[in-house]
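Asker: A structural model of the following input is requested.
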Amino acid sequence: MTGTVLDTDGPGAPPRKNGELTFDEPWHARAFGICVAVLEREGLGWDAFRRHLVPAIEADPDAPYYDAFALALDLFLAERGLTA
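Answerer: Predicted structure coming up:
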């Protein structure tokens with residue numbers, strides 16, 4: 001993640017353990033990687049994605065983080081015209 005600065009706290013912050021990002025399922029890491037790759041390719045910062053992520057988390061605060069992340073990623077990719 002060369003140019004992308006992530007939240008370290010707050011509602012958009014990815015789960016961490018001992019300061020390291022954590023992924024409970026392989027698809028969590030893949031979704032995260034896709035997001036970071038698109039941000040870097042498009043020359044965007046984390047804020048460009050966070051504006052989708054925070055509302056997705058707030059819509060269902062009891063949902064697992066990466067469920068909200070996947071929803072936000074879908075909206076983000078559609079906004080950028082990158083859907084299949």
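Asker: could you measure the residue of the chain positioned farthest from its centre against Phe69, distance?
Answerer: In the chain, Asn18 marks the outermost C-alpha relative to the chain mean, sitting 19.4 Å out by C-alpha atoms, centre = their mean. Going from Asn18 to Phe69 by C-beta to C-beta, to the nearest Å gives 21 Å. All C-beta spots, glycine's among them, are computed from the backbone N, C-alpha and C.
Asker: if I pick the residue nearest to the spatial centre of the chain, what's in contact with it?
Answerer: Taking C-alpha atoms, centre = their mean as the criterion, Phe69 is the residue nearest the geometric centre of the chain, at 5.1 Å. Contact partners of Phe69, counting by C-beta atoms under 8 Å, 6 or more residues apart in numbering, are Pro14, His28, Ala31, Phe32, Cys35, Leu53, Ala56.
Asker: List the buried residues for the helix or strand it falls within?
Answerer: Using DSSP states H and E, Phe69 maps to helix 65-79. Neighbour counts over helix 65-79 (16 or more other C-beta atoms under 10 Å) mark Tyr65, Tyr66, Ala68, Phe69, Ala70, Leu71, Ala72, Leu73, Leu75, Phe76, Leu77 as buried.
Asker: Work out the gap between it and the centre of the chain.
Answerer: 7 Å (C-alpha atoms, centre = their mean, to the nearest Å).
Asker: Next: stretch 43-59.
Answerer: The answer for stretch 43-59 is 7 Å, by C-alpha atoms, centre = their mean.
Asker: Since that was my last question, I'll sign off now.
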